[in-house]
Structures are given as structure tokens and as C-alpha cells.
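S.K.: Structure, please.
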Amino acid sequence: MKKLHGAAGFAAMFLVIIALLITSFQIGIYGDPEYGFYKEEYEKYNVTDSLDMTIEDVMEVTEYMMDYLIGREEVLSIETNVDGETQDFFNEQDRLHMEDVKNLFLGGLKLRTVCLVLAVLLVLFLAATKADMRKQITRGYFLALGVFGVLIVVLLCSFAVDFTASFTLFHEIFFYQ
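M.R.: Down below sits the predicted model:
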């Protein structure tokens, strides 16, 4: 039973780490409702010049796109002023790619929920079987953190060796069903 408790503690904490990582991405992306970071980057890299748009129009497109990615908008289509003409900012290729990105993002949010539910169930299992909660959760957390750290190092090494191949593999895994 001790091995089962250890495995449950590890699995619960690994799931919590995944949920926290997904949550940190969501906070990083959506934590500022004014999207100030994006505006600063647009200004820093003169995005408005290359798009021939005002910063206000670029930010309106950004807000709409972010609403689309989180599921608050159904269709990725926004009319804006580009080079003095009113037109849809997104073309069909943009829409197809962003639909994949939206599905990936919303899938991540669903994954977070599943991870948290499973983690709670595992903790309840530990409690129901009278496991040493403090020991199992603590040991499980540090073991899960170590495994997660190794996975991060492997990922970073693969990027360092061949970023293009790693980037391509990521897209093949997550975007091609």
C-alpha cells in the first residue's frame, strides 16, 4: 500500500504542477485586460508602420483576437482600417491557423480542469486510505518537480540542438490531428 500511496502522491503533485503551469500561461496572456504588454511590444517594434494602422486599431484587433482565442468570440473576423481602407484584418489562412491555436488553448484549459479534478481525487484516495498525507504529498511534490525539471531540460536541449526540428515536431503533435 505504501507504493500505491507514493504513486498517488507523485501523480497528484505532477497533475498540480501541470495545472499551475497552464494557469501561469493564462495569467501571462490574459492577466492584463488592457493588453499593455502587447501595446508596448507593438510600439517597440513599429508594428503600426508595417501594418499601416493606428495603435488604436491594432489594439482593437488584438482585443478581438484574444477574445476569440479564449472562446468569447465565435468567428475570427474584425473590420478595421488598414492603409486607409476598411477591411477584414484576418484572411482565410489566418483564420485556419488561429482556429488551431484556439483549440490548443481551450484544450489546455480543459486539461487543467481534468488535472485538478484527478489531483483532488488522488488526494481524497490518500485521505480515505489513511496515508501519511504530509509525507506523501511532500515527497510526491519534490519527485514530480524533479521529473518535470528533467523534462524541461530535455526540451531545452532539443531546442538547442535543432530548434527548427523541435518547433516542427511541436506543431505536428499539437496541430495535425
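S.K.: Buried ones in the helix or strand Thr23 falls within, by neighbour count?
M.R.: Taking DSSP states H and E as the definition, Thr23 sits inside helix 2-30. Neighbour-count burial for helix 2-30 flags 5-6, 8-19, 22 (criterion: 16 or more other C-beta atoms under 10 Å). In this view, the C-beta of every residue, glycine as well, is placed from N, C-alpha and C.
S.K.: C-terminal to it, what's the next element?
M.R.: Downstream of helix 2-30 (by DSSP H and E), the next one is helix 36-44.
S.K.: Which other helices and strands does the biggest helix by length in the chain contact?
M.R.: Looking across the chain with DSSP state H, the single longest helix is helix 92-128. With contacts defined as 3 or more C-beta pairs under 8 Å, 6 or more residues apart in numbering; DSSP states H and E, helix 92-128 has these neighbours: helix 2-30, helix 55-70, helix 133-161, helix 163-175.
S.K.: Show which residues not belonging to stretch 112-130 make contact with it.
M.R.: The contact list for stretch 112-130 (C-beta atoms under 8 Å, 6 or more residues apart in numbering) reads 1, 4-5, 8-9, 11-13, 15-16, 18-19, 22-23, 133, 136-137.
S.K.: can you pull the contacts of the spatially closest residue to Glu99 that is not a sequence neighbour?
M.R.: Sequence neighbours aside, Leu76 is the residue nearest to Glu99 in space, at 7.2 Å (criterion: C-beta to C-beta, 6 or more residues apart in numbering). Neighbour list for Leu76: 65, 68, 90, 94-95, 98-99 [criterion: C-beta under 8 Å, 6+ apart].
S.K.: Now neighbour count too, for those residues, in CSV please.
M.R.: Below are those laid out as CSV (neighbours: other C-beta atoms under 10 Å):
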residue, neighbour count
Met65, 21
Tyr68, 21
Phe90, 20
Asp94, 14
Arg95, 16
Met98, 16
Glu99, 14
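S.K.: And these, which is closest to Asp162?
M.R.: Proximity of the contacts of Leu76 to Asp162 (C-beta to C-beta) peaks at Met98, which lies at 26.8 Å.
S.K.: and the closest residue to that closest one other than its chain neighbours, which of the three is it?
M.R.: Spatial nearest neighbour of Met98, excluding adjacent residues (C-beta to C-beta, 6+ apart): Leu76 at 5.2 Å. The assignment at Leu76 comes out as coil when based on DSSP: H, G, I helix; E, B strand; the rest coil.
S.K.: repeat for Gln87
M.R.: Assignment for Gln87 (three-state DSSP): strand.
S.K.: Brilliant, that's me finished.
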